[in-house]
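Here is a sequence together with a model predicted from it:
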Amino acid sequence: MDKIQTETVIHPSAVVHPKAQIGKGVKIGPYVVIGEHTEIGDRSDIQEHASIRGHTRLGSEVTVFPFALVGAEPQHLHYRNEPTLTEVGDRTTIREFVTIHRGTPVGTGKTVIGTDTFLMAYAHVAHDCQVGSHVIICNSVQLAGHVIVEDRANIGGLTGVVQFCRVGKYCYVGGGSLIRKDLPPYLMGKGNEFEVQGVNAVGLTRSGMNADTVQKLKQLYKIFYLQNLTVSQAIEKAVTEFGTIPEVQHFIQFIQNSKMGFAR
């Protein structure tokens with residue numbers, strides 16, 4: 001069994017503010033810059049030329065690859081250097097050249113990345129975004145401000161998500177897509193003119209969801225997308241037929257809470 005690293009190692013060329021809080025067993029590589037108000041969790045690995053700034057907290061065992069920038073000032077015209085926040089959960093991986101911007105006073109005041117999430121190279125997470133746990137954000141995905149990505153969503157490379165939009169849990173978004181409206185949970189689709197193509201059955205099955213629930217979600221998809229019902233009619237029918245199933249309840253609540261409209 002590998003011995004857990006408890007010694008913190010900071011390369012001599014790194015610039016670490018004396019007030020930064022550095023956990024046990026942290027590795028900080030060459031030319032890294034760690035700002036005054038940052039907190040780096042135990043056994044995290046901050047690799048060469050990465051920069052952690054602002055009021056930023058990284059959980060334990062976070063890996064930040066070269067040239068990533070976490071906690072940068074938001075690209076917002078009304079931001080005036082307020083002490084807003086960035087939070088990154090345990091065991092999240094932030095690959096090369098990823099940029100994560102902190103929140104704004106006009107939003108939630110913080111940008112949040114969950115646990116066990118994987119942000120691939122060149123991805124951008126803008127101010128006030130909320131990204132869940134076990135999310136995969138592929139290369140060059142661009143999340144505009146105030147975007148919400150729920151747990152276990154998978155967003156393909158070169159996809160853009162418009163500000164204030166939401167991507168539901170377990171969704172699969174094909175590469176090169178553009179999300180202009182909320183994408184309800186459990187679905188999959190793709191395209192610059194985005195089209196929902198069905199239930200993400202493969203992802204749901206791999207996650208351990210039972211076959212009966214997956215089948216019910218497929219029927220739910222048919223109600224909302226294939227039966228030419230109004231939204232209110234579809235909700236009424238879904239509640240009548242499957243209203244006790246938690247996944248169906250979440251799907252319906254997601255739609256009812258939509259401010260951007262949802263992809264149909």
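Received it, and whenever you're ready, just let me know what you need.

which ones are touching the closest residue to Ser44 other than its chain neighbours?
Using CB to CB, 6 or more residues apart in numbering and skipping residues adjacent in sequence, the residue nearest Ser44 is Val62, 4.4 Å away. (Glycine included, C-beta is placed from N, CA and C.) Applying CB atoms under 8 Å, 6 or more residues apart in numbering to Val62 gives the contacts Ile40, Gly41, Ser44, Asp45, Val88, Gly89, Asp90, Arg91, Thr92, Thr93, Ile94.

Next: Glu150.
Counting by CB under 8 Å, 6+ apart, Glu150 has contacts Gly132, Arg166, Val167, Gly168, Lys169, Tyr170, Cys171, Pro185.

For Ala211, state which of those is nearest.
Tyr170 (15.1 Å; CB to CB).

Surely that closest one touches Val202?
No. Judged on CB atoms under 8 Å, Tyr170 makes no contact with Val202 at a distance of 10.4 Å.

So between these two, which is more surrounded?
Tyr170 (24 against 11; other CB atoms under 10 Å).

any idea of the pLDDT on the residue of the chain most remote from its centre?
Residue farthest from the centre of the chain, counting by CA atoms, centre = their mean, is Pro12 at 33.2 Å. For Pro12, the pLDDT comes out at 98.

secondary structure class for it?
coil (DSSP: H, G, I helix; E, B strand; the rest coil).

What's the separation between it and Gly29?
11 Å (CB to CB, to the nearest Å).

next one: Gly71
The spacing between Gly71 and Gly29, counted by CB to CB, is 18 Å.

between those two, which one's more packed in?
Between Gly71 and Gly29, Gly71 has the larger neighbour count (other CB under 10 Å), namely 25 against 19.

so what's that one scoring on pLDDT?
pLDDT, Gly71: 98.

mind checking how far it is from Asn257?
Taking CB to CB, one finds Gly71 at 29 Å from Asn257.

And Val106, by the same measure?
20 Å.

More neighbours: which of these two?
Val106 (15 against 10).

what about the more buried one, distance to Ile100?
Taking CB to CB, one finds Val106 at 18 Å from Ile100.

Repeat that for Gln197.
Taking CB to CB, one finds Gln197 at 30 Å from Ile100.

who has more neighbours, the two?
Ile100 (29 against 15).

quick one: secondary structure of the more buried one?
Ile100 falls in the strand class when you classify it by three-state DSSP.

Repeat that for Tyr221.
Put simply, Tyr221 is helix when judged by three-state DSSP.
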